[in-house]
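> Got a sequence here, can you model it:
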Amino acid sequence: MAGEKHIRVVRSTFSRRQYRLPYEKELNPAQLQAVMHQEGPALVIAGAGTGKTRTLVYRVARLVEDGTPPENILLLTFTRKAAREMLHRAAQLLDGRCERVSGGTFHSFAHSVLRRYGKALGLPPNFTVLDQTDAQDVLNLVRSELFREQPRERFPQKQTLYNIHSAAVNRCRSVGEVLRTDYPHFQRLAKELERLFAAYNRYKRQHGLVDYDDLLLLLIELLEQHAGILRRLHAQFRYVMVDEYQDTNPLQHRISLLLAGPEENILVVGDDAQSIYSFRGADFRNILEFPDAFHRCACIRLEENYRSTQPILDLANAIIARAAYGYHKQLYSNRKEGPLPVFIRAEDERQQSLFVVQQILELREQGLPLSEIAVLARSSYLFFDLEIELARTGLPYRKFGGMKLTETAHVKDVLALLRIVDNIADIVSWHRALLLLEGVGPRTAHRIIAAIRQGHLRWENPHAIDAVLVGTSATARTAILQLWELLRGLFLRQEPPPELLSQAALFYYPLLQRHYDDHHRRWKDIEALMGLAARYRELREFLADIALEPPTESVAEVASPDSDEEAPLTLSTVHSAKGLEWSAVFILWMTDGCFPVTWAYESPDAYEEERRLFYVACTRAKRYLYVLYPTRAIDRESGWILSKPSPFLVELGEGHAECWILVTEDSLVKG
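A predicted model of the protein is given here:
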């Protein structure tokens with residue numbers, strides 16, 4: 001591989017003591033080496049489908065079996081669900097001690113540390129964690145106050161403002177640098193945006209608000225400026241493990257190095273060839289440069305694949321071998337037999353869609369369930385024609401990437417009520433809750449919020465609200481008093497989250513009916529939220545988890561009105577498909593300009609990430625892999641144009657796949 005990363009390889013040794021678990025029988029040699037790694041740093045380069053999760057699970061079990069107290073082990077993953085599943089599997093292997101290991105995401109870990117030690121940074125104990133949409137609302141509020149005299153059209157929309165700010169934070173870059181590379185049309189606003197973001201950060205501190213990115217920034221500030229707290233964490237977490245290290249951003253990389261401690265007992269697992277999330281701030285250089293941060297770092301490669309047949313792996317190896325930089329790896333499998341991948345040239349998008357549907361029907365006829373079939377594309381809009389054809393055929397399908405439950409307006413309404421109970425100074429939630437009420441407009445809401453900001457309204461003074469409502473209409477006064485009494489009562493009773501949410505939802509139901517025609521479907525989302533709340537004893541913990549890692553689906557937005565007994569096939573962007581697998585995978589629109597996308601040619605790093613994205617797409621397939629490229633496409637300005645196959649296909653040459661040419665809708669000729 002061009003630009004292959006070379007590092008010192010340090011062989012870890014391990015004790016030949018007798019263990020309860022038969023590690024040497026259950027693991028291959030490379031996995032065993034990682035599991036038995038004792039002291040010091042280690043990098044485990046885990047190729048696609050090589051059992052990295054299994055390796056982490058067994059290492060947790062081995063550390064506990066060796067006598068390490070579970071409380072001294074920290075496992076950082078990219079979803080809390082992944083951490084819970086790993087620790088549960090480790091407990092099933094060994095015993096219940098493994099479930100006492102500290103596991104979670106970087107953000108949830110940062111949140112727990114800041115709850116304990118945030119006072120050292122001036123954080124109030126009841127600080128509120130803003131989710132992304134709430135943070136956008138706060139940015140918009142600050143913008144409107146800061147630039148009242150300037151026309152609105154001069155500024156980006158609130159979502160774009162949030163994205164610019166988040167990119168600057170997570171990539172450790174200036175606002176000017178982010179604008180220059182990602183938003184050149186807003187470069188003229190660099191100074192105004194720097195002022196806005198500074199005011200946004202002050203506003204959050206004044207009102208006890210912390211956004212998603214602040215959690216990492218504040219944790220780094222705490223660790224770097226308070227040596228005593230850092231020593232306590234080192235004493236608590238003697239062994240640190242990090243999953244999916246190729247997806248870490250610069251802040252998470254810094255946190256990892258800080259947590260390694262003087263003994264440097266940190267083991268990270270990842271695959272540079274699957275680093276595909278730079279748009280979220282991930283930096284593939286973190287995994288490439290990890291060994292350089294330590295004097296001696298063990299490097300262990302997992303290359304035995306348990307997912308795909310060897311013909312698919314041969315193609316994947318050929319794709320990534322042409323990468324400009326990265327660790328060399330050669331995936332292999334004991335499943336030597338299997339059909340070759342197929343590159344398919346279609347005349348146009350219509351023929352592409354017809355072939356995919358025809359082949360899916362054929363695979364189903366052969367006994368492959370639809371749930372074992374996926375169609376992947378670089379971008380979601382590339383599915384439109386296929387979706388029409390699937391609907392005509394009656395094949396059930398599901399697209400990955402529905403609206404998150406907590407991004408829906410009705411769920412945010414109910415959560416706003418609970419956030420006020422937890423933190424009366426949560427101005428964003430007050431604004432949302434007040435504008436739900438009949439007769440209450442922006443002016444009345446602003447008056448009440450001003451009183452809260454000035455400290456005039458507190459739960460301890462039940463009648464203070466009366467003075468604020470002087471001159472308010474009877475309708476608005478009644479509605480506001482009802483809201484005030486509800487929230488004050490919930491605060492004073494301090495009941496568990498399920499009871500609090502139930503009472504808040506009961507208050508909200510008539511508002512839901514008034515605001516939404518489809519309130520019956522939306523109520524199902526609130527019922528789902530009640531089910532989640534049942535797992536919690538503390539309101540603050542419930543609200544934090546909902547903000548840090550919200551449920552991914554909304555019944556109102558995703559659920560199909562018709563229930564089909566047959567499990568559907570999957571349509572997914574490649575980014576959403578990472579970590580998943582299917583027996584048969586179709587990759588659409590493998591043409592130059594669609595995959596890689598046109599703008600990727602502007603940067604060598606972007607182009608190489610597109611190559612890695614293709615590698616990820618191919619390694620989702622267990623047995624069947626079909627890669628399609630139409631030779632004609634419709635351009636908005638030019639009409640029909642000729643399209644070229646992706647350079648990632650052209651550079652592979654012959655021997656890695658069969659080549660088919662679709663000449664009519666019903667006939668197939670091998671080329």
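> ok, longest strand in the protein?
In the chain, ranked by residue count with DSSP state E as the criterion, the top strand is strand 621-630.
> What lies in contact with it?
307-309, 312, 315, 338-339, 341-349, 351-352, 355-356, 359, 363, 581-591, 618, 643, 645-646, 649, 657 (CB atoms under 8 Å, 6 or more residues apart in numbering). For glycine as for every other residue, the C-beta is placed from the backbone atoms N, C-alpha and C.
> and what of stretch 279-288?
The contact list for stretch 279-288 (CB under 8 Å, 6+ apart) reads 5, 43, 45, 166-167, 170-171, 245-250, 252-253, 268, 270-272, 275-276, 278, 325-327, 609.
> repeat that for 6 Å
Residues outside stretch 279-288 that contact it (CB atoms under 6 Å, 6 or more residues apart in numbering): 5, 170-171, 245-250, 253, 270, 272, 275.
> quick revisit: Provide the strand pairings for the longest strand of the chain, with the direction of each partner.
Here strand 621-630 is paired, per DSSP bridges, with strand 342-346 (parallel), strand 582-587 (parallel).
> Of all those strands, which one comes closest to Gly176?
Among the strands paired with strand 621-630, the nearest to Gly176 by CB to CB is strand 582-587 (37.8 Å).
> distance between the closest one and the chain's centre?
23 Å (CA atoms, centre = their mean, to the nearest Å).
> buried stuff in it?
Of all the residues in strand 582-587, those buried under the rule 16 or more other CB atoms under 10 Å are 582, 584-587.
> tell me which of these is nearest to Leu141?
Nearest to Leu141 among the buried residues of strand 582-587, counting by CB to CB, is Ile587 at 43.5 Å.
> what are the bridge partners for the residue nearest to that closest one when sequence neighbours are not counted, then?
Leaving aside its sequence neighbours, Ile587 sits nearest to Val627 (CB to CB, 6 or more residues apart in numbering; 4.7 Å). Judged by DSSP bridges, the bridge partners of Val627 are Phe343, Ile587.
> circling back: quick one: average confidence on the longest strand of the chain?
For strand 621-630, mean pLDDT rounds to 96.
> Stretch 512-527 now?
The pLDDT scores in stretch 512-527 average 79.
> Put the alpha carbons of stretch 135-149 into PDB.
Taking Å, rounded to 0.1, in the frame of the first residue of the first chain, the C-alpha atoms of stretch 135-149 are listed here in PDB:
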ATOM      1  CA  ALA A 135     -28.500  24.400  20.800                       C
ATOM      2  CA  GLN A 136     -29.600  25.700  17.400                       C
ATOM      3  CA  ASP A 137     -32.500  27.500  19.100                       C
ATOM      4  CA  VAL A 138     -30.200  29.100  21.600                       C
ATOM      5  CA  LEU A 139     -27.800  30.200  18.800                       C
ATOM      6  CA  ASN A 140     -30.700  31.700  17.000                       C
ATOM      7  CA  LEU A 141     -31.900  33.500  20.100                       C
ATOM      8  CA  VAL A 142     -28.400  35.000  20.800                       C
ATOM      9  CA  ARG A 143     -28.100  36.000  17.100                       C
ATOM     10  CA  SER A 144     -31.400  37.900  17.200                       C
ATOM     11  CA  GLU A 145     -30.300  39.800  20.300                       C
ATOM     12  CA  LEU A 146     -26.800  40.500  19.200                       C
ATOM     13  CA  PHE A 147     -27.500  41.600  15.600                       C
ATOM     14  CA  ARG A 148     -30.900  43.300  15.900                       C
ATOM     15  CA  GLU A 149     -30.000  46.100  13.600                       C
END
